[in-house]
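>>> Predicted model and sequence follow; I will ask about them next.
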Amino acid sequence: MCVQQTVQGLGCQLTREEEEIQTLKADCNDSGCKIQSLQAETESLRALKRGLENSLSDAKHWHDIELQNLGSVIGKLEAELGDVRGDIEQQRRDYETLLGNKMRLELEIGTYHGILDGEESRYQPAMWSGSPAEGEIQSEPAPDGEVKSDPNSAAQPEEESNPPTSLQEEN
């Protein structure tokens, strides 16, 4: 009996071990499937990583090109800004020159108006009264027909009646 019990015990043990082997085989198959799935996923992730690295490299390359382009655009704009500032400064100097010329011409015109008003007042009383005004040149006809000026009259020299213009002053 002892042998039979031993055989039965061994049979039961064999059955349990066979079941355990089947379970282990199933676990091994599941693990194999999981390994294959993980390997495929790993390869997919590696391909994705390579694609992203290539995209990053391309993006860096295009970024560098854009930076160079923007740098040249900035350089051109700064040069244009310098030109515009130079033009503005030149226009300011031209404006100041023109303003100075205008002021000198207005003074000169005022001087001429004063001279003309003085000449007008010198001749107007003579026209109305028929007698020479004070400071007016009195002339007498000479026997030979020439008109001679009275030395007592307050005639102005020719240079004073023609004041120098701003152009003559500058030359």
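That came through fine.
>>> ok, so what distance separates the spatially most central residue of the chain from R92?
In the chain, the C-alpha nearest the mean C-alpha coordinate belongs to L81, at 4.4 Å (CA atoms, centre = their mean). Distance, L81 to R92, by CB to CB, to the nearest Å: 16 Å. C-beta here means a position set from N, CA and C on the backbone, and glycine is covered the same way.
>>> Check which helix or strand the residue nearest to the centre of the chain maps to.
Per DSSP states H and E, L81 falls inside helix 2-129.
>>> Show me what that helix is packed up against.
helix 166-170 (3 or more CB pairs under 8 Å, 6 or more residues apart in numbering; DSSP states H and E).
>>> what's the average pLDDT for the helix it packs on?
Helix 166-170 shows a mean pLDDT of 44.
>>> now stretch 90-98
98.
>>> Same check on stretch 69-85?
Mean predicted confidence for stretch 69-85 is 98.
>>> would you put the C-alpha positions of it in PDB?
Taking Å, rounded to 0.1, in the frame of the first residue of the first chain, the C-alpha atoms of stretch 69-85 are listed here in PDB:
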ATOM      1  CA  ASN A  69      17.400  87.500 -42.500                       C
ATOM      2  CA  LEU A  70      16.000  89.600 -39.700                       C
ATOM      3  CA  GLY A  71      19.500  90.700 -38.800                       C
ATOM      4  CA  SER A  72      20.000  92.000 -42.300                       C
ATOM      5  CA  VAL A  73      16.500  93.600 -42.300                       C
ATOM      6  CA  ILE A  74      17.400  95.300 -39.000                       C
ATOM      7  CA  GLY A  75      20.700  96.500 -40.400                       C
ATOM      8  CA  LYS A  76      18.900  98.000 -43.500                       C
ATOM      9  CA  LEU A  77      16.300  99.600 -41.300                       C
ATOM     10  CA  GLU A  78      18.900 101.100 -39.000                       C
ATOM     11  CA  ALA A  79      20.800 102.500 -42.100                       C
ATOM     12  CA  GLU A  80      17.500 103.900 -43.400                       C
ATOM     13  CA  LEU A  81      16.800 105.400 -40.000                       C
ATOM     14  CA  GLY A  82      20.300 107.000 -40.000                       C
ATOM     15  CA  ASP A  83      19.600 108.400 -43.500                       C
ATOM     16  CA  VAL A  84      16.200 109.800 -42.400                       C
ATOM     17  CA  ARG A  85      17.800 111.400 -39.300                       C
END
